[in-house]
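*Asks:* Curious how this folds, go ahead:
(4 chains)
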There are 2 protein chains.
Amino acid sequence: MGEDRQGRRRDAEATRQALLDAAAALFTERGYDRTTVRAIAARAGVNQALLFRYFGSKRALFGEVVERSGHRQLLTTQPERLLEMALRGMLPAGADSSGHQALEAFLRSTGSSDEIDAAGRLLGNEYARVLESLSDAPDAPLRADLVLAWLLGVGLMRVVVRKAPLADADPDSICALVLPAARTLLEGIATSDGKTCRQAQ
Amino acid sequence: MGEDRQGRRRDAEATRQALLDAAAALFTERGYDRTTVRAIAARAGVNQALLFRYFGSKRALFGEVVERSGHRQLLTTQPERLLEMALRGMLPAGADSSGHQALEAFLRSTGSSDEIDAAGRLLGNEYARVLESLSDAPDAPLRADLVLAWLLGVGLMRVVVRKAPLADADPDSICALVLPAARTLLEGIATSDGKTCRQAQ
DNA sequence: TACCGTTGTAAGCATGCGCTTACAAGCAGA
DNA sequence: TCTGCTTGTAAGCGCATGCTTACAACGGTA
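*Replies:* As a prediction, this is how the structure comes out:
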């Protein structure tokens, strides 16, 4: 354990980044509650007192982590591809485990505290706004939320509950089932009584 | 606070039930980590040492709670109605807050520990088996998991993240959007290329 | 070289947690 | 009434946590 940390021995910015990276990794792996400041400092190869010097508190650190990786991914993904990218980000089969790390970190941290949930709400708002832009329906915001809920639910079952067969299914099969349904939901035209025009047979 | 607890002053079965009820309520409200054994005992109006006498550990208590309310709901709901009942159970607008409490308790507790996740997996298996029976598709188990994931995701956004507009939408609107799509997913026949037969308009 | 703010360190404080222990009070059978 | 098991209680143990403090080492500047 303990990352590199070679180079200049005294470099505030470098240790800040090391802490940020270590925190992102641990929050993603274990969630907020089960990640201790001692573990973060240890993985970063840094004295834990520095964590408080640079970030003030564990919660503030979490906020910076989510904000950083959340924005980073949203900004580099084009809207039409967000749905698939986010879904595949929930399916840690591919090597690109860093993709949409923020969603996973948040997923493992739900219910830890009101501030954590609030941070998640902000992140969710950004994702929803993008998804919403893909829909013409009058209730597009609600539809976007439902799609986002599905993404989170799949992630929940897959990475934290690890329930078979979902946890073992290959990403392509999942995408083949989820993406068309999600797109239908986003694109579907609502009738006056609130039901989608497609009947439930 | 402290529930009734009148009647016989010394009644092991009654205090066991009081603890079970208090634990169910608190786990549902706050999740596993944020619920303390002291709080459970206090709400039950019982000395906390008794909790350990009767259940051995906090985790064992959680297991009994989930098993009890999970089974109870599953046994009293007919398969065809499970989907709607479980979904509405996630939307705590109606007064029937006790419905599918187990799913909500689990939802707020994900990631607390491996044993907790395992308990959730067992519960999920039971729900999935019922949902799966509604589908004729060859990959019915996976489809059932995806539907269950959606239910959990909606609950996550609604009760723990409380993200608008999903959190504020009325249950009927949500059902009108989710149920047809979920039923389509369950009933839909997969074509050779993996897309459902119903086209996206 | 002498200084001084910045960066790093070791130790510990206060708190809340799950859980245990030692003991009192109630109740049943003799 | 006496005995012995069951039920309830008060106190606290040991530990891990987030966070703080007092101090040492470094390195640029004068």
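*Asks:* what about stretch A:134-146, near chain B?
*Replies:* Yes. Using Cβ under 8 Å from any Cβ of the partner chain as the criterion, contacts between stretch A:134-146 and chain B involve A:139, A:141-143, A:145-146. Every residue, glycine included, has its C-beta placed from N, CA and C.
*Asks:* now, which of these sits nearest residue A:87?
*Replies:* The shortest separation between residue A:87 and any of these is 14.1 Å, and it belongs to residue A:146 (by Cβ to Cβ).
*Asks:* Residue B:167 is in contact with the closest one, correct?
*Replies:* No. Under the criterion of Cβ atoms under 8 Å, residue A:146 lies out of contact with residue B:167, with a separation of 12.0 Å.
*Asks:* my read is residue A:104 is in a helix, agree?
*Replies:* Yes. Counting by DSSP: H, G, I helix; E, B strand; the rest coil, residue A:104 is located in a helix.
*Asks:* Please look at it and residue A:159 and confirm they touch.
*Replies:* Yes. Under the criterion of Cβ under 8 Å, residue A:104 lies in contact with residue A:159, with a separation of 6.2 Å.
*Asks:* Distance-wise, check residue A:179 relative to chain B.
*Replies:* 9 Å (Cβ to the nearest Cβ, to the nearest Å).
*Asks:* returning to that earlier point: out of residue A:146 and residue B:167, which sits in the more crowded spot?
*Replies:* Each of residue A:146 and residue B:167 had its neighbours counted (other Cβ atoms under 10 Å in any protein chain shown), and the higher figure belongs to residue A:146 (26 against 15).
*Asks:* Is that one in a helix, a strand, or coil?
*Replies:* Of the three states, residue A:146 takes helix under three-state DSSP.
*Asks:* mind checking the SS state of residue A:167?
*Replies:* When the rule is three-state DSSP, residue A:167 gets the label coil.
*Asks:* Going along the chain, name the helices of chain A.
*Replies:* Assigned helices in chain A, in chain order: A:12-30, A:37-44, A:48-55, A:58-75, A:79-89, A:101-107, A:114-132, A:140-155, A:171-187 (criterion: DSSP state H).
*Asks:* and the direction of the third one versus that of helix A:58-75, what angle?
*Replies:* Here helix A:48-55 points in a direction 60 degrees away from that of helix A:58-75 (axes from the mean of the first three to the mean of the last three Cα atoms, to 10 degrees).
*Asks:* Please identify the buried residues of helix A:48-55?
*Replies:* Of the residues in helix A:48-55, those with enough neighbours to count as buried (16 or more other Cβ atoms under 10 Å in any protein chain shown) are A:48, A:50-51, A:54-55.
*Asks:* Which single one of the residues you listed is nearest to DNA strand C?
*Replies:* DNA strand C lies nearest to residue A:50 out of the buried residues of helix A:48-55, by Cβ to the nearest atom of the strand, at 5.1 Å.
*Asks:* pLDDT value on the closest one, please?
*Replies:* The pLDDT attached to residue A:50 in the predicted structure is 98.
*Asks:* Isn't it up against residue A:19?
*Replies:* Yes. Using Cβ under 8 Å, residue A:50 makes contact with residue A:19 at a distance of 7.1 Å.
*Asks:* what do the two both touch?
*Replies:* Where contact means Cβ atoms under 8 Å, 6 or more residues apart in numbering or on different chains, the residues bridging residue A:50 and residue A:19 through contact with each are residue A:41.
*Asks:* coming back round to it: among the residues of stretch A:134-146 next to chain B, which are within reach of DNA strand C?
*Replies:* If you filter the residues of stretch A:134-146 next to chain B for contact with DNA strand C, counting by Cβ under 7 Å from any atom of the strand, you are left with nothing.
*Asks:* pLDDT score for residue A:55?
*Replies:* pLDDT recorded at residue A:55 is 97.
*Asks:* which residues are common contacts for residue A:146 and residue B:167?
*Replies:* Residues touching both residue A:146 and residue B:167 by Cβ under 8 Å, 6+ apart: none at all.
*Asks:* of the residues of stretch A:134-146 next to chain B, closest to residue A:116?
*Replies:* Using Cβ to Cβ, residue A:145 is the member of these that lies nearest residue A:116, at 19.2 Å.
*Asks:* By proximity to chain B, which residue of chain A wins?
*Replies:* When distances are taken as Cβ to the nearest Cβ, chain A reaches nearest to chain B at residue A:153, 2.5 Å away.
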